[in-house]
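*Asks:* pasting the sequence and the predicted model now:
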There are 2 protein chains.
Amino acid sequence: MSEKLDELAEMVRHERLRDLREALDDLPVGEIVDFLERLGVQDRAVAFRLLAKDQAVEVFDLLDQALQHEIIEGLKDVDVALYFDSLDPDDRVRLMDEMPASVARKMMRHLDPRERSLTNIVLGYPSGTIGRQMSPEFVALPEHWTVGQAMEKIRRAGDEAETLYTLPVVDRQRLLKGVVSLRDLVSADAEAAIDSLLTEVDSVDADHDAEDAARLCADRKHLAMPVTDKEHRVVGIFTVDDALDILERAESEDAARHGGAEPLHRPYLSTPVLTIMRSRIIWLLVLAIGATLTVQVLDVFEETLEAVVVLALFVPLLIGTGGNTGNQAATTVTRAMALGDVTTRDVFKVFWREVRVGLTLGSVLGVLGFLLVSWRWEWHVGAVIGLTLLAICTLAASAGGLMPILGKKLGADPAVFANPFISTFVDATGLIIYFVIARAVLGI
Amino acid sequence: MSEKLDELAEMVRHERLRDLREALDDLPVGEIVDFLERLGVQDRAVAFRLLAKDQAVEVFDLLDQALQHEIIEGLKDVDVALYFDSLDPDDRVRLMDEMPASVARKMMRHLDPRERSLTNIVLGYPSGTIGRQMSPEFVALPEHWTVGQAMEKIRRAGDEAETLYTLPVVDRQRLLKGVVSLRDLVSADAEAAIDSLLTEVDSVDADHDAEDAARLCADRKHLAMPVTDKEHRVVGIFTVDDALDILERAESEDAARHGGAEPLHRPYLSTPVLTIMRSRIIWLLVLAIGATLTVQVLDVFEETLEAVVVLALFVPLLIGTGGNTGNQAATTVTRAMALGDVTTRDVFKVFWREVRVGLTLGSVLGVLGFLLVSWRWEWHVGAVIGLTLLAICTLAASAGGLMPILGKKLGADPAVFANPFISTFVDATGLIIYFVIARAVLGI
């Protein structure tokens, strides 16, 4: 498939637009999206304009948000209105969040009144909440209705609702009582009462954190969850496909920060080199400034180094091993927090676990290090290396386990506080430990 | 919520089992699962036995596979049969994959014949394929039927089918023609022909890689996808909740390997310390052995070091920066590959992008390094540091971008080949570059 996409890219490059138009005509929407997400900004604008209108609307809907934004920027106002109108209210709000406020306002004016008021409902919730990501287009069923009445309403609802498979059931005050599934409705008697089919369901408050809600939806295997206000009235519905989007975005963020860079929030091949560079430079600079600590530590111990130059040979190995141990712990705990397996209240449990893991790992590596270095150099140096490995591993594992929790407590993304900083921290403290042990054992 | 769970854990610890039973009775199934996933093996077995039978079956279904396995091990055969029978065929097979073959065979014998034959269908596909993860319980509709006939069949199918929302449509040879959604069926006339509602859909071959298929399902926002055999006959259906499970597992694996450890495949707090230690020790050892390269490189240049001890001060900073740059590139490309944005065929595109990113990053850091070091030490040393930063950043970014692709080409998990190894690689080669430049500039 990837070969076919390369062929299409060739057509754009050589401006064989007639061929390209024909090729695109036969391509399923999903593959057109894959194709566009591999092109640069200019080429993508060219290719997008070749699509048939109805194809283009579908493609636009599936496209990455950053690319939607770029395409919108390159279009005339009339066309913008078309694509903007075709989006669901929640997707529309997410796109608006990417655009300058003035453009967003202008686009809102072009919307038809019904769409505009739906969009405003979603816009009313702070960004980062599930209210901002839900769909206000749902079909709620009064609990005193019959299955027949419900099916009639569902048929009339047609294309408008976000989903018809999970239907919130409400009482006369519009308070959420539970949900019924279309599956149960279809097999039930027309005369049966709705509340006889009622099942309990997790619902989320509209002000709830979006990533949390998405994780809940995924963990509990719901196709959709009702979203409620403070009084437990239904205000929207949140579907599993939006949960998937949110989780994918969150995973990409975690992965990027884990590697010490800002997330790109767009497909790699479609991202300009300068944007990639910008996503990395700040982190590199911050980490390099942190690393100047190691220069200072070594400067302090320069005499020790001059006296026993052999000590310098093990510096990369020792701090590397410390960094690896710290990374392992930080990664495990960050992931466990992302999955909701660990919360900030578990800080002591995590610390105690990682101390034990670190001690065990440090003992194994320490003994090996002692034996190998004693054999190749001499046993004094071996003892220094062995003891340092034991100390560094214990320190690194426990610090690595604590950092993501600390980060979260400080209100930051756990991934930011974990991996990149753990290396810097372990590098500097590890060197101090190394030279203190060396001085003590070698009597310098 | 986490406080309530801690309270329950206290009850287990102090064997206040009557209180615990009452508390569990009122708890929603999802929260019981969260509670059990935070306990150790013994405590979990105790708490699980306190659940009412119907509650227990639901809880078991949502539990992490590793924990299902442990619970099964602690139960009597009669009870085992109950829980085993309550699972869907695809979940059952996934659990069987975790168990010793003899136990799995014994459990198969207890199944009723219908369930056993469904399980056997799934068991017929190699592990890692989507056939192994699909559900063989689907409702297919012949294309020449009417909506009324279809609805009749759907009503009769009741609880058996995995999903009724996406229904594969087949011709007389059982070849897949497309799907219809229950949503469209419900709003259509009873006399309408099924094929008038037909929509095209992505289907996957049963032998297709499961993670790939799950990603496709998520990207294209399908609630379910038909699974077909080589002749394009429908053999099963694959639903979005299973896609979520597969992706979560894959993300956890990537995250763990990214941090240089084997995935735990189970909730962190429920994992024994020794298991955590085992998931890390092999990686640490392999990386430490790799790091002995740095000892050897430094050993070779020991004379240079002795002549200019100040060079030793910058070793951690230089290799740290190289490691960070390499990690950034490796992370970005690994993630892009996981999302399907980059394939192994893009190797040159990726290389060329990363060379340019590395050169830009290296220039910025190199100039800063030159200025700072010249000011604090002398300009010769500054030149060495500046040039080394430029070279290391370029090397690290391009190697970091290539490694995941290379890993995949060699048939390994890209995450394994990327981050942990890139540091080791950059450490050793970076040191060589450093000392070669130092000798040239300082004329040693």
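*Replies:* Ah, there it is.
*Asks:* between the strand or helix carrying residue A:424 and helix B:419-442, how big is the angle?
*Replies:* Element membership of residue A:424, judged by DSSP states H and E, is helix A:419-442. Angle between the axes of helix A:419-442 and helix B:419-442 is 70 degrees (criterion: axes from the mean of the first three to the mean of the last three Cα atoms, to 10 degrees).
*Asks:* how far off centre is helix A:419-442?
*Replies:* Between the mean C-alpha location of helix A:419-442 and the chain-wide mean there is a distance of 33 Å, by Cα atoms, centre = their mean, to the nearest Å.
*Asks:* tell me the buried residues in that helix?
*Replies:* Of the residues in helix A:419-442, A:419-431, A:433-435, A:437-438, A:441 count as buried by neighbour count, 16 or more other Cβ atoms under 10 Å in any protein chain shown. For glycine as for every other residue, the C-beta is placed from the backbone atoms N, C-alpha and C.
*Asks:* so which of the residues you listed reach chain B?
*Replies:* A:419-420, A:423-424, A:427, A:431 (Cβ under 8 Å from any Cβ of the partner chain).
*Asks:* shaky segments in the stretch 101-250 of chain A?
*Replies:* A:158 (pLDDT under 70).
*Asks:* would you map the strands across it?
*Replies:* Taking DSSP state E, counting those that start in this stretch as the test, the strands found in the stretch 101-250 of chain A are A:141-142, A:166-170, A:176-181, A:204-205, A:224-228, A:234-239.
*Asks:* just put the ones you listed in CSV and tack on mean neighbour count.
*Replies:* Below are the strands of the stretch 101-250 of chain A laid out as CSV (neighbours: other Cβ atoms under 10 Å in any protein chain shown):
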stretch, mean neighbour count
strand A:141-142, 20
strand A:166-170, 24
strand A:176-181, 21
strand A:204-205, 20
strand A:224-228, 26
strand A:234-239, 25
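*Asks:* spatially nearest residue to the residue nearest the centre of chain A, not counting backbone neighbours?
*Replies:* Geometric centre of chain A, nearest residue: residue A:250, 1.0 Å, by Cα atoms, centre = their mean. Once flanking residues are discounted, residue A:250 sits nearest to residue A:211: 5.0 Å by Cβ to Cβ, 6 or more residues apart in numbering or on different chains.
*Asks:* go on, residue A:397?
*Replies:* residue A:358 is the one closest to residue A:397 (Cβ to Cβ, 6+ apart), at 3.0 Å.
*Asks:* need the contact list for the one you found.
*Replies:* A:325, A:329, A:393-398 (Cβ atoms under 8 Å, 6 or more residues apart in numbering or on different chains).
*Asks:* again, 7 Å this time
*Replies:* A:325, A:393-394, A:396-398 (Cβ atoms under 7 Å, 6 or more residues apart in numbering or on different chains).
*Asks:* any idea how far chain B is from residue A:408?
*Replies:* As judged by Cβ to the nearest Cβ, to the nearest Å, residue A:408 and chain B stand 13 Å apart.
*Asks:* count of residues packed around the residue in the stretch 151-300 of chain A that chain B sits nearest to?
*Replies:* Residue nearest to chain B within the stretch 151-300 of chain A: residue A:259 (2.6 Å; Cβ to the nearest Cβ). By other Cβ atoms under 10 Å in any protein chain shown, the residues close to residue A:259 number 28.
*Asks:* ok, and the closest non-adjacent residue to it?
*Replies:* Using Cβ to Cβ, 6+ apart, the closest residue to residue A:259 is residue B:331 (2.6 Å).
*Asks:* show me where the stretch 101-250 of chain A has helices.
*Replies:* Assigned by DSSP state H, counting those that start in this stretch, the stretch 101-250 of chain A shows helices spanning A:101-110, A:113-123, A:147-157, A:182-187, A:210-219, A:240-258.
*Asks:* list the helices and strands the third one packs on?
*Replies:* Helix A:147-157 sits against helix A:182-187, helix B:182-187, with contacts defined as 3 or more Cβ pairs under 7 Å, 6 or more residues apart in numbering or on different chains; DSSP states H and E.
*Asks:* let's go with 6 Å and repeat that
*Replies:* Helix A:147-157 sits against no helix or strand, with contacts defined as 3 or more Cβ pairs under 6 Å, 6 or more residues apart in numbering or on different chains; DSSP states H and E.
*Asks:* please identify the residues of the stretch 101-250 of chain A in proximity to chain B?
*Replies:* Listed as neighbours of chain B in the stretch 101-250 of chain A under the rule Cβ under 6 Å from any Cβ of the partner chain: A:155, A:158, A:164-165, A:183, A:187, A:218, A:220-221, A:240-241, A:244.
*Asks:* change it to 7 Å
*Replies:* Listed as neighbours of chain B in the stretch 101-250 of chain A under the rule Cβ under 7 Å from any Cβ of the partner chain: A:154-155, A:158, A:164-165, A:182-183, A:186-187, A:200, A:202, A:218, A:220-221, A:223, A:240-241, A:244, A:248.
*Asks:* cool, thanks, talk later.
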